[in-house]
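Novice: show me the folded form of this:
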Amino acid sequence: MNVQSDFSPCPERPVRPDAGLPIVHVAAAALVDGDGRVLIQQRKQGKAMAGLWEFPGGKIEPSEIPEAALRRELYEELGIDVCVSCMMPFSFASHSYDSFHLVMPLFVIRNWDGVPRPLAAADLKWVRAPRLGDFPMPDADKPLVSILQDYL
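Specialist: The predicted model follows:
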């Protein structure tokens, strides 16, 4: 059913994608511990968006599936091993930054081998879902916070 109204959340002219921006595919994890806390990591100084908190993960290489990329990245960044069968596809982010467009699937993971360590991050924090919004995050991660809060 179509309902006409004077208010529309959509712009009057058609929206076109940001032409010319390269698309970067990354995979991210919401690692959830036995107490229901989520692991976030802080980006190191000298990197883009330094100091911001994010969900761990990283770039998907050409011809690599997201689950394989995430398994590799979690080992490189945190020193943990995750079986693909323990990765639950949860949500995704699609966000245009100034110089690229990011597409990022987010997986919820509750089981892994090892103890997460900040091998490629400035710091790690285990955070209860209601407090995730208290940490400054990249724009692409922000919408995922409220979805996780509703889920957890």
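Novice: strands of this protein, start to end?
Specialist: 23-31, 37-42, 53-54, 57-59, 87-96, 101-109, 123-128 (DSSP state E).
Novice: okay if I get those strands as CSV plus distance to Leu74, mean neighbour count and mean pLDDT?
Specialist: Every C-beta, even on glycine, is put in place using the N, C-alpha and C of the backbone. Formatted as CSV, the strands of the chain follow (distance: least, C-beta to C-beta, whole Å; neighbours: other C-beta atoms under 10 Å; pLDDT from 0 to 100):
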stretch, distance to Leu74, mean neighbour count, mean pLDDT
strand 23-31, 6, 22, 97
strand 37-42, 10, 20, 98
strand 53-54, 13, 22, 98
strand 57-59, 7, 18, 97
strand 87-96, 10, 16, 96
strand 101-109, 8, 20, 97
strand 123-128, 12, 15, 98
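Novice: could you list the low-pLDDT ranges of the chain?
Specialist: 1-19 (pLDDT under 70).
Novice: quick one, helices of it?
Specialist: Along the chain, counting by DSSP state H, helices occupy 66-78, 142-151.
Novice: to Ile147, which of the strands of the chain lies closest?
Specialist: Among those, the nearest to Ile147 by C-beta to C-beta is strand 87-96 (5.0 Å).
Novice: partners of that closest one in the sheet?
Specialist: In the sheet, strand 87-96 lines up against strand 101-109 (antiparallel) (DSSP bridges).
Novice: and the helices of the chain as JSON lines, adding mean neighbour count and distance to Leu102?
Specialist: JSON lines is the format used below for the helices of the chain (neighbours: other C-beta atoms under 10 Å; distance: least, C-beta to C-beta, whole Å):
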{"stretch": "helix 66-78", "mean neighbour count": "20", "distance to Leu102": "13"}
{"stretch": "helix 142-151", "mean neighbour count": "15", "distance to Leu102": "12"}
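Novice: of all those helices, which one is nearest Met87?
Specialist: That would be helix 66-78 among those, by C-beta to C-beta, at 5.4 Å.
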